[in-house]
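*Asks:* predicted model, plus sequence, below.
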Amino acid sequence: MTTPSLFGDTPDPEGSLPSVGQTDAPQSDSSPVYLPTSSLYRKYRPQSFSVQELVGQEHVVRTIRNAIALNRVAHAYLFSGPRGTGKTTTARLLAKAVNCLHDDPDYRPCNTCVNCAAINAGAASDIVEIDAASNRGIDDIRDLRERVRYAPSQLSSKVYIIDEAHQITGAAANAFLKTLEEPPDHTRFILATTDPELLLPTIVSRCQRFEFRRVGVSDIAQRLRTVADVEKIVIDDDALRLIARHATGSLRDALAHLEQVALYSARFQGNSSPGSITASDTRAALGLSHDERVDQLLAAIQQRDTACALRVVQEALDQGEDARQLNRQLLSFVRLLMIERSGGGSASSDRIREMASAFSLNELAILARRFGEIDFNIKHAPYPQLPLEIALVESTANPEPESFNESIDRDAPIPRTTIPRPATSLRERARGNSSIRELPPAQRAQLRPAEPAPVTPLRPDPSPQVDSEPRPDPAENFSVAHIADLWPSVRADVKAVNRRVEALLSEVDPVAVSGNQITLAVPYPFHRDKLNSDDVREILSSVLSRILERDVTLLCILRGEMTLLAPPRVSSNESESAIPTESAAGSPDDEERARIRLQAAINIFDAEEIADSPLVAQSTSSETV
């Protein structure tokens, strides 16, 4: 079977790569004929487990082929790895090999039987590919569970390929667990993802996982050479290796770059068949900087020539080159120099060895760290070249002692004495503990500041010693009014510990203080029961104890229960016998209870007490009678 070339009209030579769905079209001398072609990475998608087609994943290919030969294919697979490494392609090959009718398992898939032909043509309804990015909800998983139960209509096994599986929602993944763990005998699942860390561990544990690696530069260049020969693309080996390095391990990106470079060369040469493509053409087509620019930047860094370094960057930008790509090329070359300088390089060129000898290993490590950290900043900076220019200025200016001239490792731990700080976080203060490790007694003794030497005055001070101001008694501030003023602070500290408890305090008012007990009033039984629970009471009491600087206990009651705070009524005889010497104004305990009730009413109704009011005097006298 011959494959029409994307870039030539001559028939393919023998041994060309097979392609599915490509037919020869008649040509006419009067008008051009456009062949039904597709992108190179789709046209040359691997159709078998041959190492010449599925390159760079030998560990995966060997395991799967052995499983097929021994009839030990698992019910669920997980393919993870970077983009363009063959995850979806391998899943399709596995689905085709499971349903292949060839007698010899080593030759599956054969691409000649009825089942293989139907799968290649896309006519097999039992091979279902699902894009999890758009079918990620629980309703989609429920529909999948319903369809799994039905037997395959055409093939021997039904295979579901779920691409971008990490996009499945948490609820949908949980609903999918039972089906994934125990599917019907005729059903198999293959999950492909670039972010396996986002999958639930229960999903991963139910699958046989394969980690796809980035394809090496030599493997990519060899595959590109095969495709270029079939497509009649005349290209230099240096250009192919440049494309392979720029693809960063993705064979799909490498084939797309090859097609782009071929189209660029054919268009600017003005003929229908491309000529020889060089590395310079490849850089121009892909927007890469010349190696000379990287050499000039490194030479400027080595000679501390800031003007030259900035001029090279500006020239690159004036010619339309990307600052981020220039930084990546510089970083990649610095990495090669660092490996060569450390003695770990192999088969390095004379140019790399010569430039590596101009820097020390410490200098190259600092440069690699510096230019590697600005990649993200270049992408999001208002001026993309500015982070690169700043890094070049720092590298070419007079180096600081810690950067170039000092041999001290900046990553080495520097012994220093850490003085524990007090708990400044609101959460730490509310909980009453600190996350700072307490120092041993011997170290605390060393850190204790030395006492100043006593100073002898020249003459005695005749003025009398004035005693320091007495501290305010905490009992004076322990009142309902003071607690009401501190209530916003109490809520803020409680919120740092538990937001739900703080939400309950929005309906709470302090109404009474008796000894160390604070009485709180709430409007509903729900709030009372919650605040009287052990865990909530402990949180609130610890916060109040810290703010009031004394241990307190709490009691929460309903606002309708506030009448219980009133003094019990007694008969006149009992009152006369119990209080024979008290005046008609009442005992001090009665006055205190009346004051508590009045303060509670003020707090509940947000009222104000008017001094010398007849109504207040009358109500007070009536209560004390």
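*Replies:* Right, received. Where do you want to start? Residues are numbered from 1 along each chain as shown.

*Asks:* give me the low-pLDDT residue ranges for the stretch 401-550 of the chain?
*Replies:* 401-478 (pLDDT under 70).

*Asks:* same deal with the chain?
*Replies:* Looking at the chain by pLDDT under 70, you get 1-37, 267-275, 289-290, 345-348, 398-478, 562-590, 592-593, 600, 603-607, 609-625.

*Asks:* domain assignment for it?
*Replies:* 57-211, 216-285, 290-405, 474-565, 572-624 (automatic domain parsing).

*Asks:* and of those, who's closest to Ser39?
*Replies:* Across those, Ser39 has its closest neighbour in domain 216-285 (6.4 Å, Cβ to Cβ). C-beta: built from backbone N, CA, C; applies to glycine.

*Asks:* next, the distance between the ends of the closest one.
*Replies:* One end of domain 216-285 sits 22 Å from the other (Cα to Cα, to the nearest Å).

*Asks:* now the strand or helix carrying Val501: buried residues?
*Replies:* According to DSSP states H and E, Val501 maps onto helix 499-504. Neighbour-count burial for helix 499-504, with 16 or more other Cβ atoms under 10 Å as criterion, is recorded at 501-502, 504.

*Asks:* do the same with stretch 118-126
*Replies:* 118-120, 124, 126.

*Asks:* swap in stretch 76-88?
*Replies:* Buried, per 16+ other Cβ under 10 Å, within stretch 76-88: 76-81, 84-88.

*Asks:* check stretch 170-186 too.
*Replies:* Of the residues in stretch 170-186, 172-173, 175-176, 179-180, 183, 186 count as buried by neighbour count, 16+ other Cβ under 10 Å.

*Asks:* who's in contact with it?
*Replies:* With Cβ atoms under 8 Å, 6 or more residues apart in numbering as the test, stretch 170-186 has contacts from 75-76, 136-138, 140-142, 144-145, 148-149, 151-152, 156-158, 168, 189, 199-200, 202-203, 206-207.

*Asks:* and the helix or strand hosting Leu224, what other elements does it pack with?
*Replies:* For Leu224, the element it lies in under DSSP H and E is helix 217-230. In terms of contacts (3 or more Cβ pairs under 8 Å, 6 or more residues apart in numbering; DSSP states H and E), helix 217-230 is packed against helix 237-246, helix 251-269.

*Asks:* could I get the ones you listed as TSV with distance to Arg223?
*Replies:* Formatted as TSV, the helices and strands packed on helix 217-230 follow (distance: least, Cβ to Cβ, whole Å):
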stretch	distance to Arg223
helix 237-246	9
helix 251-269	6
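
*Asks:* and stretch 491-508, C-alpha only, in PDB?
*Replies:* What follows is stretch 491-508, C-alpha atoms only, in PDB (Å, rounded to 0.1, in the frame of the first residue of the first chain):
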ATOM      1  CA  ARG A 491     -16.100  37.200  68.600                       C
ATOM      2  CA  ALA A 492     -13.000  38.000  66.500                       C
ATOM      3  CA  ASP A 493     -10.800  35.600  68.600                       C
ATOM      4  CA  VAL A 494     -13.400  32.900  68.600                       C
ATOM      5  CA  LYS A 495     -13.700  33.200  64.800                       C
ATOM      6  CA  ALA A 496     -10.000  32.500  64.500                       C
ATOM      7  CA  VAL A 497     -10.500  29.200  66.300                       C
ATOM      8  CA  ASN A 498     -14.000  28.100  65.000                       C
ATOM      9  CA  ARG A 499     -16.200  30.000  62.600                       C
ATOM     10  CA  ARG A 500     -19.300  28.000  63.600                       C
ATOM     11  CA  VAL A 501     -19.000  29.000  67.200                       C
ATOM     12  CA  GLU A 502     -18.500  32.600  66.200                       C
ATOM     13  CA  ALA A 503     -21.800  32.500  64.200                       C
ATOM     14  CA  LEU A 504     -23.600  31.500  67.300                       C
ATOM     15  CA  LEU A 505     -22.300  34.500  69.200                       C
ATOM     16  CA  SER A 506     -24.200  36.900  66.900                       C
ATOM     17  CA  GLU A 507     -27.300  36.300  69.000                       C
ATOM     18  CA  VAL A 508     -25.600  36.200  72.400                       C
END
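
*Asks:* distance between the helix holding Leu224 and the chain's centre?
*Replies:* 36 Å (Cα atoms, centre = their mean, to the nearest Å).

*Asks:* now, which of the buried residues of stretch 76-88 lie within helices?
*Replies:* 87-88 (DSSP state H).

*Asks:* closest to Ala97 out of the buried residues of stretch 118-126?
*Replies:* Closest to Ala97, out of all of the buried residues of stretch 118-126 and judged by Cβ to Cβ, is Ile119, at 10.0 Å.
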